[in-house]
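Novice: sequence and predicted structure below; questions after.
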Amino acid sequence: MRNNRLSNIYDHRTVILSNEAVADGHYLLRCECAEIAQHARPGQFIHVMVSQDTGMLLRRPFTIYTMDGHEITMLYQIIGEGTKRLSEMPEGEPLHVLGPLGNTFDFTTHPNPAILVGGGAGIASLMLLATALRKNSIETIGVVGAQRQARLLSVTDLRAIGITVHIATDDGSIGHHGYVTDILIDMIEKTNWPRPTIYACGPHGMLSAIAKIAANYGVPTQIAMENRMGCAMGVCLGCVCPVRTAADTIEYQRVCTEGPVFNATDIVWDI
């Protein structure tokens, strides 16, 4: 992973250009943030002030989904009061956006292929990476999971840039009836790839399972963690996760600064 902690960070006061439902309980918000769009890299995120009302003083972290000129988008799920309030904000509503933050995915090893595994809204963290991989002519495969078809995200966007997408749903309403990890294991066992690398984001249980697959099959794997954050600047220590160091000790690293991207096998999942 590449660490961009020395990169410029910008605090934009902007307005919402669009904020539309794209799936059950999921929205795509578009706003103009010229400097962020210029400097952001795959895996980085923004910190958004939804409202300055009492109880809404903390910003919320969101992955940068796409960038186009001076505009960025974020794909988000309604989880709590903050994201519910955000989903109700109309075009023209002011928004404070801080970023880009965090480190980035690394594909300088020239994976062949790059396997993107997204569970639920976790696929949002992989879209910038998908675009960068295709621009660098790297073969890319998508594996996208959801609870049901109505909550499936990003399949059309991935296919639009030439990525083959495999789908899994918990209820079997579309694609494989089961988990993305079922598809991943099947592909690894049946395909003799030169240099496969897995890039993943999604629920904790899914990421833990993918880390075991990475260890069992010896496939390099990078994951984007989605821990809750307070400051997103490395001060409050509210987003730490246990990581095994090169010295075989365990230390708690900040997802907002040392992450959000980690080697899957470095995370200590059973603490």
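Specialist: Looks like it came in fine. Numbering: from 1, shown residues only.

Novice: I'd like the distance from stretch 60-77 to the chain centre, please.
Specialist: Mean-position distance between stretch 60-77 and its chain equals 11 Å (CA atoms, centre = their mean, to the nearest Å).

Novice: so for it, first residue to last residue, what's the gap.
Specialist: By CA to CA, to the nearest Å, the extent of stretch 60-77 from end to end equals 12 Å.

Novice: can you check stretch 80-96 too?
Specialist: Using CA to CA, the end-to-end distance of stretch 80-96 comes out at 19 Å.

Novice: quick one: the helices in the protein, in order.
Specialist: With DSSP state H, the ranges of helices along the chain come out as 34-39, 81-87, 127-135, 155-160, 180-190, 204-217.

Novice: could you dump those into CSV and include distance to His12, mean pLDDT and mean neighbour count?
Specialist: C-betas here are computed from N, CA, C, even on glycine. Shown next, in CSV, are the helices of the chain (distance: least, CB to CB, whole Å; pLDDT from 0 to 100; neighbours: other CB atoms under 10 Å):
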stretch, distance to His12, mean pLDDT, mean neighbour count
helix 34-39, 7, 95, 18
helix 81-87, 16, 93, 17
helix 127-135, 18, 98, 20
helix 155-160, 24, 98, 16
helix 180-190, 34, 97, 17
helix 204-217, 30, 96, 17
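
Novice: which one of those helices lies closest to Glu71?
Specialist: Taking CB to CB, helix 34-39 is the member of these nearest to Glu71, at 6.3 Å.

Novice: contact partners for Ala215?
Specialist: Applying CB atoms under 8 Å, 6 or more residues apart in numbering to Ala215 gives the contacts Thr265.

Novice: low-confidence ranges, this structure, go.
Specialist: Flagging of the chain using pLDDT under 70 yields the residue ranges 1-7, 52-56.

Novice: what sits against the residue nearest to the spatial centre of the chain?
Specialist: The chain has Ser125 as the residue nearest its centroid, 1.9 Å off, counting by CA atoms, centre = their mean. Applying CB under 8 Å, 6+ apart to Ser125 gives the contacts 43, 45, 63, 118, 201, 224, 226, 260.

Novice: and what of Gly259?
Specialist: Contacts of Gly259 by CB under 8 Å, 6+ apart are 102-103, 224-225, 241, 253.

Novice: also Ile9?
Specialist: Going by CB under 8 Å, 6+ apart, Ile9 touches 98-101.

Novice: what's the farthest-apart pair in the residues you listed?
Specialist: It's Leu98 and Pro100 that sit farthest apart of the contacts of Ile9, by CB to CB, at 9.0 Å.

Novice: more neighbours: those two, which one.
Specialist: Using other CB atoms under 10 Å as the criterion, Leu98 and Pro100 rank with Pro100 on top: 27 against 20.

Novice: need the overlap of contacts for Leu98 and Pro100.
Specialist: Here Leu98 and Pro100 have 9-10, 46 as joint contacts, going by CB under 8 Å, 6+ apart.

Novice: show only the entries of those found in strands.
Specialist: Taking DSSP state E as the definition of strands, those contribute 10, 46.

Novice: one step back: closest to Thr109 among the contacts of Ser125?
Specialist: Of all the contacts of Ser125, Gly43 has the smallest distance to Thr109: 15.2 Å, by CB to CB.

Novice: verify the contact between the closest one and Gly102 for me.
Specialist: Yes - applying CB atoms under 8 Å, one finds Gly43 in contact with Gly102, separated by 6.7 Å.

Novice: ok, now how distant is the closest residue to Asp11 other than its chain neighbours from Gly172?
Specialist: Leaving aside its chain neighbours, Asp11 sits nearest to Leu98 (5.0 Å; criterion: CB to CB, 6 or more residues apart in numbering). In this structure, Leu98 and Gly172 are 41 Å apart, going by CB to CB, to the nearest Å.

Novice: can you pull out the strands in the stretch 101-250 of the chain?
Specialist: Remark: strands assigned in the stretch 101-250 of the chain by DSSP state E, counting those that start in this stretch are 114-119, 140-146, 164-169, 176-177, 197-201, 221-224, 240-244, 250-254.
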